[in-house]
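> quick one, structure for this:
(2 chains)
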Amino acid sequence: MSVTKYFQHSELFSGLSPEQVEQVVALGREVTYEAGDVIIGEGDPSDEIYIICQGLVEVDVARGTIPDVPGPPQLTSIARLGQGQVFGEIALVDHGARSASVRCIQDGTVLYVIPRDGFWSLCDSDHHIGYVVMRNIAADLAFKLRHRNLQVRLAGGEL
Amino acid sequence: MIYKVSYVVVGRPHLSAIANLDTPPRVGDQVQLGDETCEVTEVIDLIPPREDFAYLHVTCRPVKDSDA
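The predicted model follows:
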């Protein structure tokens, strides 16, 4: 499946024409990861958004990290994301540091990586694309919040 | 229609996942969440469909080796 076809199956670009999706595709590049690869690290500077074309990633947050204590942080998985999902969108919106780490957990996971600056420039120059994409990012963040609420509700005291 | 699915595994919150599917999940389906196999026990509409997307919540339980 072409990248454009993947994008047409991603909620992020729902409501855009194929020509508009092509404009977004032109901004980025495809990258393949293997299981165990760290894609982004919590606290790192952020300048890209990621779309999962195929495969699976795990989102982890460091739990109870004390900055002065050496050693690796204890990571807690908060979600796994599969085909069609987006990550890196929080920092895209607020320009802050990465709020979580993301690690590949399936060999051959294919991501499409879009630089933030180019993405913002496109949204600024074409307000329809900008409106649709930002509406879809808001909907995706709302879905993730609902997912997290259900996760807490069904956690059985494990969170 | 594309089905955007929120998977939560009862008692195993760290196995939760979100993925897009071409066909809707059904009760009794087995799904692979990373290296864990889980069985779908409930499927509900999370929010109303919008454009080409339906939004579902799926509750699962881990499948023990003796279940498979």
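> ok, now which ones touch residue B:8?
A:147, A:150-151, A:154, B:16, B:57-60 (CB atoms under 8 Å, 6 or more residues apart in numbering or on different chains). Using the backbone N, CA and C atoms, a C-beta is placed for each residue, glycine as well.
> got a markdown table for those residues, with secondary structure and neighbour count too?
Listed next are the contacts of residue B:8 as a markdown table, based on DSSP: H, G, I helix; E, B strand; the rest coil; neighbours: other CB atoms under 10 Å in any protein chain shown:
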| residue | secondary structure | neighbour count |
| --- | --- | --- |
| A:147 | helix | 23 |
| A:150 | helix | 20 |
| A:151 | helix | 21 |
| A:154 | coil | 19 |
| B:16 | coil | 23 |
| B:57 | strand | 19 |
| B:58 | strand | 27 |
| B:59 | strand | 19 |
| B:60 | strand | 26 |
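> lowest pLDDT pick from the residues you listed?
The lowest pLDDT within the contacts of residue B:8 belongs to residue A:154, with 80.
> quick one: the helix or strand bottoming out on mean pLDDT in chain A near chain B?
Ranked by mean pLDDT, DSSP states H and E, the weakest helix or strand in chain A is helix A:3-8, scoring a mean of 74. No: Helix A:3-8 lies out of reach of chain B by CB under 8 Å from any CB of the partner chain, never closer than 8.8 Å.
> rounded mean pLDDT for the very next helix or strand once past that helix, please.
Using DSSP states H and E, the next helix or strand after helix A:3-8 towards the C-terminus is helix A:18-25. Mean pLDDT, helix A:18-25: 91.
> dump helix A:18-25 to CSV, keeping only the CA atoms.
C-alpha atoms of helix A:18-25 as CSV (Å, rounded to 0.1, in the frame of the first residue of the first chain):
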residue,chain,number,x,y,z
PRO,A,18,-6.1,13.0,-2.2
GLU,A,19,-4.3,16.0,-3.6
GLN,A,20,-4.2,17.6,-0.1
VAL,A,21,-2.9,14.4,1.4
GLU,A,22,-0.2,14.3,-1.3
GLN,A,23,0.9,17.8,-0.1
VAL,A,24,1.4,16.4,3.4
VAL,A,25,3.2,13.2,2.1
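> what is it packed up against?
helix A:3-8, helix A:116-125, helix A:127-153 (3 or more CB pairs under 8 Å, 6 or more residues apart in numbering or on different chains; DSSP states H and E).
> re earlier: out of the contacts of residue B:8, who's nearest residue A:38?
Within the contacts of residue B:8, the smallest distance to residue A:38 is 20.2 Å, found for residue B:16 (CB to CB).
> is it true that residue A:107 touches residue A:37?
No: with contact defined as CB atoms under 8 Å, residue A:107 does not reach residue A:37; the gap is 9.6 Å.
> residue A:41: which of the helices and strands packed on helix A:18-25 is closest?
helix A:116-125 (16.6 Å).
> list the buried residues in that closest one.
Using 16 or more other CB atoms under 10 Å in any protein chain shown as the test for burial, helix A:116-125 gives A:116, A:119, A:122-123.
> got these as TSV, with distance to chain B columns?
Formatted as TSV, those follow (distance: CB to the nearest CB, whole Å):
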residue	distance to chain B
A:116	22
A:119	21
A:122	21
A:123	19
